[in-house]
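[1] below is the sequence, then the predicted model.
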Amino acid sequence: MLMITMLDLVQLGDLLILDKNNSDRVTTSVALATFNGERYLEDQLMSILKQSVQPDEVIICDDKSSDGTYELLESIQAYTNVTIRIIRNNKNVGLVENFQQAIDLCSGKYIFLSDQDDLWVPNKIEAVVDVFEARKNIDYVISNAKIIDHAGVVIHDDLWRFNGTSGQFEEFQKGSQSGALLSGSNMVYGNCLAFKGSLKRKFIPITSRSASITHDMWIALVLSLSGYRGLAIDFPLVHYRQHIKQVIGAGLSNSRLDLFYQKLFVYYPIDPSYIKALSSIVSKVESCADKGEIDENGLILLKRKILYFENRLVIQNSKFFKRLLMVCAELISGRYRIFGSSFFSAVKDLFNFNRKNS
């Protein structure tokens, strides 16, 4: 994974000349999934429609909203010159399947993903397209973001530093793309992701039903493990809104005391659907990727991660003596350090702090 800064973006913009009348003109699509998003949706859509380079189409899949979301979409569709296609589901299909449907309907050379409640900076599309067009070997792009509250006030200037993934991005820069994705916290957010439209068949269908592996992480992992190159823009191109009704968020508290408490005392029972999702990614990559392009080291690491969570699933349902033996084995293997919170995860597994939640 490569890293690009704001200075690089300015230089790329100066060097890159796109012929707007060329038959090979760059086309862009935005895939947007909505569900009861009336409160913030208009601001999100306006930030997309008022881009310095407008998208060629916005594909919106609404997951049978029960508020005024659909009516709001129709009213915006009526007065913009940007092609907006609205699909209303007959039944609620969930976040991942709804996004997959929107992506599948996109026809642009480059596809951008959008949530329903954020704000895009005015040159987001232009900046990302400039990167794609200047660096033809780049297959997907992720960017940094600012975190805003429900009222749009910036509460954190740097999403990557806030969620503790700066070390993973350093690993990105050293070329260990899959390794960075598979270790530590989630570092890929769909609202900050764009990719070449020609690659969507590489990761569709998205079969994960785990809240820990949604469409964004699935796409990044499948592409990276299949040998495709990503690039990280260390500049906020999105204002990522945090509010109580969102499906997935970055979290709002990052005090040292709170983080220590979470590491030691908050136990999240191992979810079998997460293990199944990781295993599905292995199958997807091995069956669909060109054999010569597969990131073999990354695939080995992913299989180690699956083993780690399979073992922890056994640990959380075992009696103390067996837990002690298995926890010691995991510590010796180094998997707690690579995939968990090291000593903290081992302590919680050993003393089975999750019994009340099981």
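    Okay, I see it.
[2] now the helices: where do they sit in the stretch 51-200 of the chain?
    69-79, 95-105, 124-134, 159-162, 166-173, 177-182, 200-203 (DSSP state H, counting those that start in this stretch).
[3] list the buried residues for the last one?
    The neighbour-count criterion (16 or more other CB atoms under 10 Å) identifies K200, K202, F203 as the buried residues of helix 200-203. Placement of C-beta: from N, CA and C, glycine included.
[4] give me the contacts around that helix.
    103-104, 106, 111, 218-219, 222-223, 226, 228, 284, 288-289 (CB atoms under 8 Å, 6 or more residues apart in numbering).
[5] which strand or helix spans E42?
    Taking DSSP states H and E as the definition, E42 sits inside helix 38-49.
[6] try H239
    Per DSSP H and E: strand 230-241 holds H239.
[7] pLDDT wise, what is the residue of the chain lying at maximal distance from its centre at?
    Distance to the chain centre peaks in the chain at F321, reaching 38.6 Å (criterion: CA atoms, centre = their mean). On the pLDDT scale, F321 is placed at 95.
[8] which elements pack onto the helix or strand containing it?
    Assigned by DSSP H and E, F321 belongs to helix 320-333. Here helix 320-333 touches helix 296-316, helix 343-351, going by 3 or more CB pairs under 8 Å, 6 or more residues apart in numbering; DSSP states H and E.
[9] for ChimeraX, what selects the buried ones among the contacts of helix 200-203?
    Filtering the contacts of helix 200-203 down to the buried ones (16+ other CB under 10 Å) takes a single ChimeraX command:
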select :103,106,111,218,219,222,223,226,228,284,289
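[10] could you identify the most distant pair in the contacts of helix 200-203?
    C106 and A289 (21.8 Å; CB to CB).
[11] quick one: pLDDT of the nearest residue to R312 once chain neighbours are set aside?
    Of all residues not flanking R312 in the chain, I270 sits nearest, at 5.0 Å (CB to CB, 6 or more residues apart in numbering). Note for I270: predicted pLDDT of 90.
[12] repeat that for the one 4 residues further on.
    The predicted local confidence for Y274 comes out at a pLDDT of 96.
[13] please apply the same query to D290.
    pLDDT, D290: 69.
[14] re the thing from before, and the helix holding F321, how far out from the chain middle?
    Computed by CA atoms, centre = their mean, to the nearest Å, the chain-centroid distance of helix 320-333 equals 32 Å.
[15] wasn't A31 part of a strand?
    Yes - assessed by DSSP: H, G, I helix; E, B strand; the rest coil, A31 belongs to a strand.
[16] got a list of what it touches?
    I59, C61, F99, A102, I103, L105, C106, I111, F112, L113, S114.
[17] these, buried ones only, as a PyMOL selection?
    This is how PyMOL selects the buried members of those, with burial counted by 16+ other CB under 10 Å:
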select buried, resi 59+61+99+102+103+106+111+112+113+114
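[18] can I get the contacts of A31 in TSV including pLDDT?
    Output for the contacts of A31, formatted as TSV (pLDDT from 0 to 100):
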residue	pLDDT
I59	98
C61	98
F99	98
A102	98
I103	98
L105	98
C106	98
I111	98
F112	98
L113	98
S114	98
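[19] tabulate the contacts of A31 (CSV), appending distance to M46.
    Below are these laid out as CSV (distance: CB to CB, whole Å):
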residue, distance to M46
I59, 17
C61, 19
F99, 21
A102, 19
I103, 22
L105, 22
C106, 20
I111, 20
F112, 16
L113, 18
S114, 12
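[20] quick one on the thing from earlier: give me the contacts around the helix or strand following the helix holding F321.
    As assigned by DSSP H and E, the chain's next helix or strand after helix 320-333 is helix 335-339. By CB under 8 Å, 6+ apart, the surrounding residues in contact with helix 335-339 are 182-183, 301, 304-305, 307-309, 311, 330, 342-343, 345-346.
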